[in-house]
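Participant: just the structure for this:
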Amino acid sequence: MSTAHAGGAGTPLPVVFRELLPSPGAADVDLAGAYAYPVGTDRPWVRANMVASADGGAVGASGRSRDLSSAPDRRVMGVLRGLCDVVLVGAGTARQEGYGPVRARKAWEGLRAGRARTPAVAVVSRSLDLPDTLLTEAPEDARTLVFTTRNAPRERRRRVGRYADVVEVDGESVTPAHVVDGLAERGMHRVLTEGGPHLLAGFLAAGLLDELCLTLSPHLLGPGSPRIVAGGALAPGAPETGSQPSTPVRIAHLLESEGNLFARYVRDGGVSR
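Facilitator: Residues are numbered from 1 along each chain as shown. Got it, this is the predicted structure:
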C-alpha cells in the first residue's frame, strides 16, 4: 500500500494531515491517537469507515470504492485496521472489492501489542459465495469468521468450515445483533466495518452503529452512483413499520490531506475516547 506520492526529484513526500476541527491549524496529526477506540466499554464498539465523493457517490466508474481512494485515505484505513480487533464486511462487498485477509504491517507493532499481528476478517453471507483467498489465506491466529444462516447451502457450508470459523444463526437473515453478540463472545470489541452499503444500513437501522469515519474525496461523480448507505425497511435489523428516524451524531474531528476531508462522527451519547 502506498502512503506517499513521488516528489519532483523522485523522493517520496510524506502524507501530512492537518486538523480543521476541533483545533484548527494543528499539523502532523497523530492518527492512532485521533482514531483511538473508547476505553473501558462493556460491549463491542462498531465503527464504520467509508469513502464518498464530494457529491455523495460511493463508487466510481469501475463499480468499486477504490476509485475514490488516495494515499491519505489508504493511510487512514491502515491505521483503522491496525487499531481494530476485527474487520467486518458484507459478502457483496467482499466479492466486489476482492477482499482477502488483512496483511500485517510493521507500523502496527505498537498498536497491536498483546493481540494477533493482524485483525481477523468477519463476513456476513447467506449464500457463502466468498472469495477463496479470504478463506484459504487467513493466518491461524486470525481466521476468517463467517456469519450465515442455518439454511445456507450445505456443500458450501462444509467447504467454508474447513478454512474459517462459521457462526450459524436461526432465521432468514443474519441481523446486526447476531453479529455484535457473536463478536462479543469472542472478545472482539473493537469492530471496524467497511460496508457495504446494505450492511451499514442494517447496523444504522438497528441502532448499533457507534461512529462513522467518512472520507470525502475531491471528485464529482454525478447522478447514478449509490450512496454509502443503501437499503430501507427490508434491511436486516430495520424497524418493521414506519420510516427510520435520523440518528444524531457529533463531529469528533475533521482532518484534511491533499484535498481529502476526513470526518469522524460519533453517535450522540457515545464517547470518542
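
Participant: what about the spatially closest residue to Leu214 that is not a sequence neighbour, neighbour count?
Facilitator: The spatial neighbour of Leu214 that comes closest, neighbours along the chain excluded (CB to CB, 6 or more residues apart in numbering), is Ala263 at 4.8 Å. C-beta coordinates here come from the backbone N, C-alpha and C atoms, glycine included. Residues contacting Ala263 under the criterion other CB atoms under 10 Å number 17.

Participant: quick one: Ala263 from Ala48, how far?
Facilitator: Ala263 sits 12 Å away from Ala48, going by CB to CB, to the nearest Å.

Participant: do Ile251 as well
Facilitator: Shown here: Ile251 relative to Ala48, a distance of 15 Å by CB to CB.

Participant: circling back to that earlier point, quick check: neighbours shared by Ala263 and Ala48?
Facilitator: With contacts taken as CB atoms under 8 Å, 6 or more residues apart in numbering, Ala263 and Ala48 have Leu212, Cys213 as neighbours in common.

Participant: re earlier: neighbour-wise, which of Ile251 and Ala48 wins?
Facilitator: The residue with more neighbours, out of Ile251 and Ala48, is Ala48; 24 against 13, by other CB under 10 Å.

Participant: break down the chain into its helices, ranges please.
Facilitator: For the chain, applying DSSP state H gives helices covering 31-34, 71-83, 91-97, 132-136, 154-163, 176-185, 197-205.

Participant: now, of those helices, which is deepest in the fold?
Facilitator: Greatest average neighbour count among the helices of the chain goes to helix 197-205 (a mean of 24), per mean count of other CB atoms under 10 Å.

Participant: same for that helix, what does it pack against?
Facilitator: strand 45-53, strand 86-90, strand 190-193 (3 or more CB pairs under 8 Å, 6 or more residues apart in numbering; DSSP states H and E).

Participant: and those as TSV, adding distance to Leu21?
Facilitator: TSV is the format used below for these (distance: least, CB to CB, whole Å):
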stretch	distance to Leu21
strand 45-53	18
strand 86-90	27
strand 190-193	22
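
Participant: among the ones you listed, which comes closest to Pro119?
Facilitator: For Pro119, the closest of these is strand 86-90, at 5.4 Å, according to CB to CB.

Participant: the inter-axis angle of the closest one versus strand 45-53?
Facilitator: Strand 86-90 and strand 45-53 meet at an angle of 60 degrees, taking axes from the mean of the first three to the mean of the last three CA atoms, to 10 degrees as the criterion.

Participant: give me the contacts around strand 86-90.
Facilitator: With CB under 8 Å, 6+ apart as the contact definition, strand 86-90 has outside contacts at 46, 81, 99, 102, 119-125, 145, 179, 183, 188, 190-196, 198-199.
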